[in-house]
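sequence unavailable; structure follows:
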């Protein structure tokens, strides 16, 4: 671990310690699993004491939730960068979702961690409630982003863009899981799946008399 600069402030030192603990936790979870990885192991891996751990996190569960918050925030920023509003809506949506899957697939460590978190949530009701709360907030953030990016999405989705967000998440997670099980699955298949999904929205648009989602913006 690099020595901190002499001019490092207390806030900077705290941020560095927190970062080291998060990185150590991810390594410990991948090596030992959520249950076996102890607070002591996480603290030692970061070069600190258990006291330092509890200065930043109330519990191991709080640290896990911090990892989720961090990842979800990064994902939303990636979507925001890709949905710049300068291209054709359908193409930008496809590009953003494809980037999301490619980024997820390239980070197998995070995929493994996320599956561990989901399995933990399935057997621990307290953690499940907190996990679901954050997951729903993430879905709402994506829905809000999509709605502001192209208001026609609300028309096509029947004024329920959150449902479109949930379906995108379900489609993406399903593909990532399939790809994790069988690495030989062609990544292009996800793009085709998403295109079919978008065409389904086009059909709903026609039935409801709304302007097609993929139509150019005014």
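That came through fine. Only a predicted model underlies this, so the values are computations on that prediction, with no experimental measurement involved.

mind telling me what element residue 110 is part of?
helix 108-123 (DSSP states H and E).

show me what the helix or strand following that helix is packed up against.
Sequence order places helix 125-149 as the next helix or strand after helix 108-123, per DSSP H and E. For helix 125-149, the elements it packs on are helix 60-82, helix 89-106, helix 108-123, helix 152-156, helix 161-181, judged by 3 or more C-beta pairs under 8 Å, 6 or more residues apart in numbering; DSSP states H and E. Glycine gets a C-beta too; all of them are placed from N, C-alpha and C.

quick one: contacts of the helix holding residue 110?
Outside helix 108-123, the residues that touch it by C-beta atoms under 8 Å, 6 or more residues apart in numbering are 26, 29-30, 33-34, 64, 67-68, 71, 104-105, 127-128, 131-132, 176-177, 180.

and the protein, what are its domains?
Using automatic domain parsing, the domain parsing of the chain gives 1-57, 60-208.

what is the mean pLDDT for the first one?
The reference is to domain 1-57. In this model, domain 1-57 has an average pLDDT of 90.

which secondary structure element of this protein has the lowest mean pLDDT?
In the chain, no helix or strand scores lower on mean pLDDT, DSSP states H and E than helix 152-156, which sits at a mean of 57.

could you dump the helices and strands packed on helix 125-149 into CSV with distance to residue 8 and mean neighbour count added?
Formatted as CSV, the entries for the helices and strands packed on helix 125-149 read as follows, by distance: least, C-beta to C-beta, whole Å; neighbours: other C-beta atoms under 10 Å:
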stretch, distance to residue 8, mean neighbour count
helix 60-82, 22, 16
helix 89-106, 31, 18
helix 108-123, 28, 15
helix 152-156, 45, 20
helix 161-181, 39, 17
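
for the residue nearest the centre of the chain, what are its contacts?
Geometric centre of the chain, nearest residue: residue 72, 3.9 Å, by C-alpha atoms, centre = their mean. The neighbours of residue 72, taking C-beta under 8 Å, 6+ apart as the test, are 134-135, 137-138, 141.

quick one: these as a markdown table, columns for pLDDT and neighbour count too.
Listed next are these as a markdown table, based on pLDDT from 0 to 100; neighbours: other C-beta atoms under 10 Å:
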| residue | pLDDT | neighbour count |
| --- | --- | --- |
| 134 | 88 | 15 |
| 135 | 85 | 18 |
| 137 | 86 | 12 |
| 138 | 83 | 19 |
| 141 | 82 | 17 |
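
closest to residue 50 out of those residues?
residue 134 (25.5 Å; C-beta to C-beta).

hang on, that closest one packs against residue 68?
Yes - using C-beta atoms under 8 Å, residue 134 is in contact with residue 68, at 5.4 Å.

was I right about residue 187 contacting residue 100?
No - counting by C-beta under 8 Å, residue 100 is not a contact partner of residue 187; they are 11.8 Å apart.

dump the residue contacts of residue 43.
21, 24, 49-50, 52-53.

with residue 64 instead?
The neighbourhood of residue 64, defined by C-beta under 8 Å, 6+ apart, consists of 25, 34, 117, 120, 127.
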